[in-house]
Structures are given as structure tokens and as C-alpha cells.
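Colleague: Turn this into a model:
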Amino acid sequence: MTSVGILNPGAMGVSIAASAKAAGHKLYWASAGRSAATRQRAAEQGLLEVDALSALCAACDIIVCVCPPHAAESVARAVVDAGFSGLYCDGNAIAPQKSRAIDAMMRAASINFVDGGIIGPPAWNPGATRFYLSGESAREIAALFDDSLTDARVIGAEIGQASALKMVFAALTKGSTALLAAIYATAENLGVRADLEREWSLRDPDSVTQRRNQTRNVTAKAWRFAGEMQEIAATFEGAGIPPGFFDAAHELYSRLARFKDAESAPALDAVLAALLNEQT
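Modeller: Numbering: from 1, shown residues only. Sure, this is the predicted structure:
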């Protein structure tokens, strides 16, 4: 049995923690400054509570970080400053060069590091969620999830490989949704949305409903996807590919951030108004 800390048990992180717990490990979380919703998620999964990050670092052999991409470096720095001395896995949607920078930070503090990237929804259903890992100690992280709902896969020994895979995968899935939202908003502004949808329906009768729902349903997570688009832009630029499309996608998702925590998907008209910076 390994003592594992999860930073932080959000919607995705708590499912990853639940998988490791189901595989027989002790799971800890640090409650200081966390919301009531986070506390409820942790309690429902039976995670062991400590107050401060320093206590988590002292109690755990391994820490797995699943947080919004913009916070990945600051969380890693806080772990270093708290005196952690075990194995740290970053499972965030970050550019490979950022993963390598965190690795360098960790190595300077004699902390072993594994790069990770999660593809799929929160891990509550078999076969739906893959946790890709790279680094010299990647198999140690993968072993935490043996026979669990999280399908952990080692893809190499090089730091940055898992993050790179996550970035190029999300570039299509979330990037294409940003493109669709931009097309919808432009058509609305130019007065041809109905004509566009009619043309789509002539080609595929089901396409209009699917595309409307795709645009509406992304809104609840848009605040998080905005930062991810910046990481993808940096990934593309580092690979010698123009990053401008994903810089624009970042702006589009930022305009939809107002729908964070909405109880239901907004109407398409409200989404398009937000994209066009109109007051609703």
C-alpha cells in the first residue's frame, strides 16, 4: 500500500484518486482553502484529509497533481517549498516544454518527476479514461492504477511525451469545437446563420442538432479550456507550427467563461451573444 496525495480533488482529480484508492492505496488531500464542493467530493470518496500542503507532503510517498493548466507551475513550486521528497506526477494539460521546466525544478530539489496527460472524461466508467505517462519512473505511477477504472499507459521514458500527446489530441477535440463556435458567431453576426444551418442539414439532417449541442455543451468547461488553448499554442510554436489558431481559441473560450458553474447548458443565442461580446 502506497500513500498518495492528490492535488486537487476536482471533478477529474477526485476520479483519479478514487481509482488509486480502489487499487488499494491510501489517498490524502489537503483541505486548506478548498471549496465546500471539493470537500464534499473528497468525503464521498473517502479520501484522508490533512489541513496543509506541508502535512500532505510529509504523509505521502507520491503526489499526483490534477489542476487547471495555468496553476501547474505554481502548485509544483509550492510542493517543492513544502519540502516534499518523493515522486511527483503532473497530470495537467500543459505544453511539453512546461513539463520539462517543472521536471528541472523538481530535480533541483531532489524530487523524482513523471509527466502525465489525461485523455477522456472523469474516470467513472471502464475504458473511458486513459492516463498517459512518460519519464523514468512512469511505471511506478502506472502501478497505482492496476485493475482500476483509470487506464494508465506508459508511452516513453522522456519527460514531455505524455504532455505532447495530450496537447495534440486536445488540439483536435477542443480546438475543433472552438472553430465551430467561431463559425457560428461569425454567421450570426453576418446574418446567415439560418442559411448555414439549412446547408448543413441538406448534407446531413442530424448535423444541425449535433453542432448546436457541441457549441452549447462546451460552455461549462470553457474557463478551463481557455488555459489549455494557451498550452496548445505554446506546443505548436515549439514544434515550428504557427500558434495563432489556438491563441484565437483561447480568446473564444475566455469569452465563454461567464458560463462556469451554470446548472444547465445555455441557449445557443446566449452563447453567440457571449462570443460576440454582447450583453445578455
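Colleague: Name the residues of stretch 273-280 that come out as buried.
Modeller: Buried residues in stretch 273-280, defined by neighbour count with 16 or more other Cβ atoms under 10 Å: 273-275. From N, CA and C alone the C-beta is placed, and that goes for glycine too.
Colleague: Just the closest of the residues you listed to Ser19, please.
Modeller: Checking the buried residues of stretch 273-280 against Ser19 by Cβ to Cβ gives Ala274 as the nearest, at 35.1 Å.
Colleague: where does the closest one fall, helix, sheet strand or coil?
Modeller: Assigned with DSSP: H, G, I helix; E, B strand; the rest coil, Ala274 falls in the helix class.
Colleague: Next: Val271.
Modeller: Taking three-state DSSP, the label given to Val271 is helix.
Colleague: Pop out the phi and psi values for Thr2.
Modeller: Phi and psi for Thr2, reported as degrees, to the nearest 10, are phi -110, psi 140.
Colleague: Pretty sure Arg216 sits against Ala267.
Modeller: Yes. With contact defined as Cβ atoms under 8 Å, Arg216 and Ala267 form a contacting pair (7.4 Å).
Colleague: Show me which of the two is the more surrounded one.
Modeller: Arg216 (20 against 12; other Cβ atoms under 10 Å).
Colleague: What is the burial count for the residue nearest to Gln45 when sequence neighbours are not counted?
Modeller: Closest residue to Gln45 apart from its sequence neighbours, by Cβ to Cβ, 6 or more residues apart in numbering: Ala18 at 4.7 Å. With neighbours defined by other Cβ under 10 Å, the count for Ala18 comes to 24.
Colleague: next one: Gln97
Modeller: 15.
Colleague: and the host helix or strand of it, what other elements does it pack with?
Modeller: According to DSSP states H and E, Gln97 maps onto helix 96-108. Judged by 3 or more Cβ pairs under 8 Å, 6 or more residues apart in numbering; DSSP states H and E, the packing partners of helix 96-108 are helix 72-81, strand 87-90, strand 112-119, helix 161-189, helix 222-238.
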